[in-house]
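Participant: Sequence and predicted structure are below.
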Amino acid sequence: MKQHAPLALAICGALNAVPSLAQESEATVDSSLAASAVTPGWMSKEVGDAWAKGYKGKGVTITVVDDFKSSSLLGGNLGSGSQKLRHGQWTTLEAGMIAPLAGVATQDFNSGTTVKLYKGLNVLNLSYGMMAAAGYTASQIRWSAQESSIISYAKSGSAVIAKAAGNDGIAVLGKNARGQTDYLNLALKGTGTAIYVGALNTNGTTAAPATLASYSNTAGLDAAVQKQFLVVGVEGSKTGLYGTSFAAPVITGYAAILGSKFTSATPLQVTNQLLNTARQDTVKGYQAQLHGRGEASITRALAPVAIR
């Protein structure tokens, strides 16, 4: 008889505050971004280059699975003034600001219901983990329809999945100080379209390589995880928002931008393009066990005429 682990939801962000989210509705995205090539200071300048070429996520649907119903609020500023929003509102807003022409859907992470897919490329943002005592296998977890659908999409290649790596400063599949493991991370290992996303302190450049955020989980020694792991800048000193929760929406936005150029690309092609074009020369002390494939580069990912 299988033993099942009791799971607990954990948000992969809001390190210094209790996060909270909004009702199931879209966060407001400043429509002026759709006509602008000027990016807020927390974004990589590569995003502005993509916008200038007309790639802003059109035709792609981003679905954010996050906390949209709790009562706690998190303070931050993504460029339109200080606000207090729920965690899911922040992650939705961030992804939507990077890909301002993408469609955006939201689902509360306590829903327990199947995540809906839409026509065209689908990108799912997961800035949370499913925590339980270490020592189980992924097959011992009694998943809800929500996580079952997400895992199925990652295995079948039906959607790009951007998964926050976690904030325990350990390997993605490791055991934290409370003796717990993120079993959603474990279940996504080796799937074709899931990307673990870690955090750098800044957006890296060759002139000023970025350092890994002290809180960020790492790829670890598992070669399969290293192949699925990217890092991006989380400039909390500018936004007040720290944690890999705010790294995952960057990759979500990048995937949507890619899909708006390569309109017939599959989720697997988009995922592989992001992984295969990552940079190591913008990361200080790059190591695969820490940074996986390296820092995501939307400029490099968009560069070819076609992807395969």
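Facilitator: Here it is on my side, so go on. Numbering: from 1, shown residues only.
Participant: elements contacting the lowest-mean-pLDDT helix or strand in the chain?
Facilitator: One helix or strand of the chain scores below all others by mean pLDDT, DSSP states H and E: strand 8-11, with a mean of 76. Helices and strands touching strand 8-11, by 3 or more CB pairs under 8 Å, 6 or more residues apart in numbering; DSSP states H and E, are strand 128-133. For glycine as for every other residue, the C-beta is placed from the backbone atoms N, C-alpha and C.
Participant: most centrally placed residue in the chain?
Facilitator: The residue lying closest to the centre of the chain (CA atoms, centre = their mean) is residue 248, at 1.7 Å.
Participant: Would you mind confirming that that one makes contact with residue 162?
Facilitator: Yes: applying CB atoms under 8 Å as the test, residue 248 and residue 162 come out as touching, 4.5 Å apart.
Participant: so what's residue 115 up against?
Facilitator: 63, 65, 107, 124, 146, 149, 150, 153 (CB atoms under 8 Å, 6 or more residues apart in numbering).
Participant: how far is the helix or strand encompassing the fourth one from where the chain is centred?
Facilitator: What that stands for is residue 124. Per DSSP states H and E, residue 124 falls inside strand 122-126. Mean-position distance between strand 122-126 and its chain equals 8 Å (CA atoms, centre = their mean, to the nearest Å).
Participant: again, but for stretch 134-142
Facilitator: Worked out by CA atoms, centre = their mean, stretch 134-142 lies 23 Å from the chain centre.
Participant: Numbering from 58 from now on, please.
Facilitator: With the count now opening at 58, the last piece we talked about shows up as stretch 191-199.
Participant: just the helices in this protein please.
Facilitator: Along the chain, the stretches classed as helices by DSSP state H are 102-109, 144-155, 202-213, 240-245, 280-284, 293-296, 305-318, 324-333, 345-348, 355-359.
Participant: what's next to the fifth one, contact-wise?
Facilitator: Contacting residues not belonging to helix 280-284 are listed as 228-230, 246-247, 253, 276-277, 332, 345-346, 349-350 [CB under 8 Å, 6+ apart].
Participant: Could you rerun that using 7 Å?
Facilitator: Contacts to helix 280-284, defined as CB atoms under 7 Å, 6 or more residues apart in numbering, come from residues 229, 230, 246, 247, 253, 276, 332, 345, 346, 349.
Participant: Tell me, please, where in this structure the pLDDT is lower than the cut-off.
Facilitator: For the chain, the stretches flagged by pLDDT under 70 are 58-63, 70-94.
Participant: Go again with 80.
Facilitator: For the chain, the stretches with pLDDT under 80 are 58-68, 70-95.
Participant: sorry, back to before: what sits in contact with each of residue 305 and residue 219?
Facilitator: What both residue 305 and residue 219 touch, as defined by CB under 7 Å, 6+ apart, is the set 182, 183, 254.
Participant: tally of neighbours for the first one?
Facilitator: Meaning residue 182. Neighbour count of residue 182, defined by other CB atoms under 10 Å: 31.
Participant: Same question for the last one.
Facilitator: Residue 254 has 32 neighbours, counted by other CB under 10 Å.
Participant: picking that back up, so the residue nearest to the centre of the chain sits against residue 255, correct?
Facilitator: No: with contact defined as CB atoms under 7 Å, residue 305 does not count as touching residue 255 (9.6 Å).
Participant: Run through the residues that contact residue 171.
Facilitator: Contact analysis of residue 171 by CB under 7 Å, 6+ apart lists 202, 203, 206.
Participant: And for residue 246?
Facilitator: Applying CB under 7 Å, 6+ apart, we find residue 246 in contact with 230, 281, 282.
Participant: and it, how far is that from residue 186?
Facilitator: In this structure, residue 246 and residue 186 are 14 Å apart, going by CB to CB, to the nearest Å.
Participant: Which of the helices of the chain sits closest to residue 267?
Facilitator: Nearest to residue 267, of all those, is helix 345-348, at 9.6 Å by CB to CB.
Participant: and that closest one, which residues are buried?
Facilitator: Within helix 345-348, the residues that qualify as buried are 345, 347, 348, counting by 16 or more other CB atoms under 10 Å.
Participant: Can you lay out the residues you listed as JSON lines showing distance to residue 113?
Facilitator: Putting the buried residues of helix 345-348 into JSON lines (distance: CB to CB, whole Å) gives the following:
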{"residue": "345", "distance to residue 113": "32"}
{"residue": "347", "distance to residue 113": "32"}
{"residue": "348", "distance to residue 113": "28"}
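Participant: out of those, who's nearest residue 338?
Facilitator: Out of the buried residues of helix 345-348, the member with the shortest distance to residue 338 (by CB to CB) is residue 348, at 11.6 Å.
Participant: what sits against the closest one?
Facilitator: When contacts are taken as CB under 7 Å, 6+ apart, residue 348 is in contact with 255, 269, 276, 288, 340.
Participant: ok, now how distant is the second one from residue 211?
Facilitator: Okay, so that is residue 269. 25 Å.
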